[in-house]
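Engineer: pasting the sequence and the predicted coordinates here, then a few questions.
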Amino acid sequence: MRLKAIEAIVVNGRSYRWMSDPVVVVCVDGCEYDYLERAAAAGCTPYLARLLREGTAFKGDCVVPSFTNPNNLSIVTGVPPAVHGICGNYFYDREADAEVMMNDPRYLRAGTVLAAFADAGARVAVVTAKDKLRALLGHELKGICFSAEKAAGATVAENGIGDVLALVGMPLPSVYSAALSEFVFAAGVKLMETQRPDLMYLSTTDYIQHKFAPGSDGANAFYAMMDGYLARLDAEGAVLALTADHGMNAKTRADGSPNVIYLQDLLDEWLGAGRARVILPITDPYVVHHGALGSFATIYLDAAEREAIRARLAQMDGIDLVLLNAEACARFELPPDRMGDLVVVSGRHVVLGTSVARHDLSGLDAPLRSHGGVSEQTVPLLFNRRSAGIAGRARLRNFDVLDVALNHLEPAKIHRSAARTAQR
Ligand SMILES: [Zn+2]
């Protein structure tokens, strides 16, 4: 419990006012803005439609590479990867000369706003879909933190809560399912009803967004499910702040096949086998729905070859950007020591691979949709309160979501206007 009234806390150089109502931040994985508008227009999401109409709805920019972990960590720290250090799922550790996963908290270089509020006495809860994010989001957090994926094994000692399946009242979902995200929302509602955390962070999985385009039946059903849970959190009096880690685009040719540029194969052909190393930061243990294909890659190669390779790649159809390490890290606010010598970003409908032989696409049961590039950078920032105005902000980022939720919203709930109520 808090010993004295704290008005604000400062984390990573940003100030956050203490909440008067519970604040729930939802990161909807892969939520291209279109998903919200199309589901609302189809009448599937009455609550979200109301937020789009009467709440505060912005378009903002996520972090590039537009991948899950760099963005989730930016959202909970309030700063870009240059500060917090997490710039992918996977990277080449130059010091260790090894390709490693980046989901261990020892790679995190900044504390989270969640942990800081908990340290100051707030009750904080975090629920993620996949377990890969749990350790990073829950780093040094005194509170509740568990994943839907490993909900059955949650314990008070490890996760701040046990018997999660009984609390939520849902069977343990498959890691590749819409139910994994539904479990996150259901858990969030139960936690709000039973424990009323001051600050809660819910992070879903983009299984549906990888398969279904905005406005499709599969997508609308997912948003309809989400809509019901969000309305219940609102009814509990929570301030709701919804954003996304990245957007999502079709990455296919006209015939529906994946539109891939295999960079390692090209470089082996141009320079000789093994002279350059291509790293795809999207690489993680859960590759079924995207085959480890995204629109961002980084290349390690000799200094003497960089300019020539850069020029050659930049000429290719489907390549948007080829930048040197320093240029890329300045432009996208990335940690230079965890990026290669070149950074390659592909176009809206193109993904980057290593070698044909290294990508198992047999699990792709729908035309490829993926992310990672600048073309997936636009994301929603949606709130169930009116904004009190955000001065001097030329470009809103998804990692401003806590700042807006805590510092820039009017305290009163939005109401249906008399005219609108009369129309119903
Ligand atoms: Zn994601």
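Structural biologist: Received, thanks. Numbering: from 1, shown residues only.
Engineer: all strands of the stretch 101-250 of the chain, in order?
Structural biologist: Taking DSSP state E, counting those that start in this stretch as the test, the strands found in the stretch 101-250 of the chain are 124-128, 144-147, 199-203, 239-243, 249-250.
Engineer: so the third one, near the ion or not?
Structural biologist: No. Legend: contact between strand 199-203 and the ion by C-beta under 5 Å from the ion is lacking; minimum distance shown is 8.9 Å. Glycine gets a C-beta too; all of them are placed from N, C-alpha and C.
Engineer: next one: that strand to chain centre, how far?
Structural biologist: 12 Å (C-alpha atoms, centre = their mean, to the nearest Å).
Engineer: Leu342 contacts Ala303, doesn't it?
Structural biologist: No. The criterion here is C-beta atoms under 8 Å, and Leu342 misses it with Ala303 at 11.0 Å.
Engineer: the closest residue to Pro173 other than its chain neighbours and Met226, how far apart?
Structural biologist: Distances taken as C-beta to C-beta, 6 or more residues apart in numbering place Ala179 nearest to Pro173, at 3.6 Å, with adjacent residues excluded. Using C-beta to C-beta, to the nearest Å, Ala179 is found at 12 Å from Met226.
Engineer: which residues of the stretch 251-400 of the chain fall in helices?
Structural biologist: Remark: helices assigned in the stretch 251-400 of the chain by DSSP state H, counting those that start in this stretch are 263-271, 303-314, 325-332.
Engineer: any idea of the mean pLDDT in the shortest one?
Structural biologist: Put plainly, it is helix 325-332. For helix 325-332, mean pLDDT rounds to 98.
Engineer: what's the angle between that helix and helix 303-314?
Structural biologist: Per axes from the mean of the first three to the mean of the last three C-alpha atoms, to 10 degrees, the angle that helix 325-332 makes with helix 303-314 is 50 degrees.
Engineer: and helix 325-332, what's buried?
Structural biologist: Asn325, Ala328, Cys329, Phe332 (16 or more other C-beta atoms under 10 Å).
Engineer: wait, the second one sits on Val343?
Structural biologist: Yes. Shown here, Ala328 and Val343 form a contact pair, counting by C-beta under 8 Å, at 3.6 Å.
Engineer: residues contacting Asn69?
Structural biologist: Counting by C-beta atoms under 8 Å, 6 or more residues apart in numbering, Asn69 makes contact with Ile86, Gly88, Asn89, Met102, Asn103, Lys132, Leu133, Leu136.
Engineer: and it, what's its pLDDT?
Structural biologist: pLDDT, Asn69: 95.
Engineer: in what helix or strand does it lie?
Structural biologist: helix 68-77 (DSSP states H and E).
Engineer: how far off centre is that helix?
Structural biologist: Using C-alpha atoms, centre = their mean, the offset of helix 68-77 from its chain centre is 6 Å.
Engineer: so which of the contacts of Asn69 are also by the ion?
Structural biologist: Answer for the contacts of Asn69 near the ion: none qualify (C-beta under 5 Å from the ion).
Engineer: columns pLDDT and neighbour count on top of those, output as a markdown table?
Structural biologist: As requested, the contacts of Asn69 are arranged in a markdown table below (pLDDT from 0 to 100; neighbours: other C-beta atoms under 10 Å):
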| residue | pLDDT | neighbour count |
| --- | --- | --- |
| Ile86 | 97 | 27 |
| Gly88 | 94 | 27 |
| Asn89 | 90 | 24 |
| Met102 | 92 | 24 |
| Asn103 | 89 | 21 |
| Lys132 | 86 | 22 |
| Leu133 | 93 | 26 |
| Leu136 | 96 | 22 |
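Engineer: which of the residues you listed sit farthest apart?
Structural biologist: Gly88 and Leu133 (13.1 Å; C-beta to C-beta).
Engineer: nearest to the ion: which residue in the stretch 1-150 of the chain?
Structural biologist: Thr68 (3.2 Å; C-beta to the ion).
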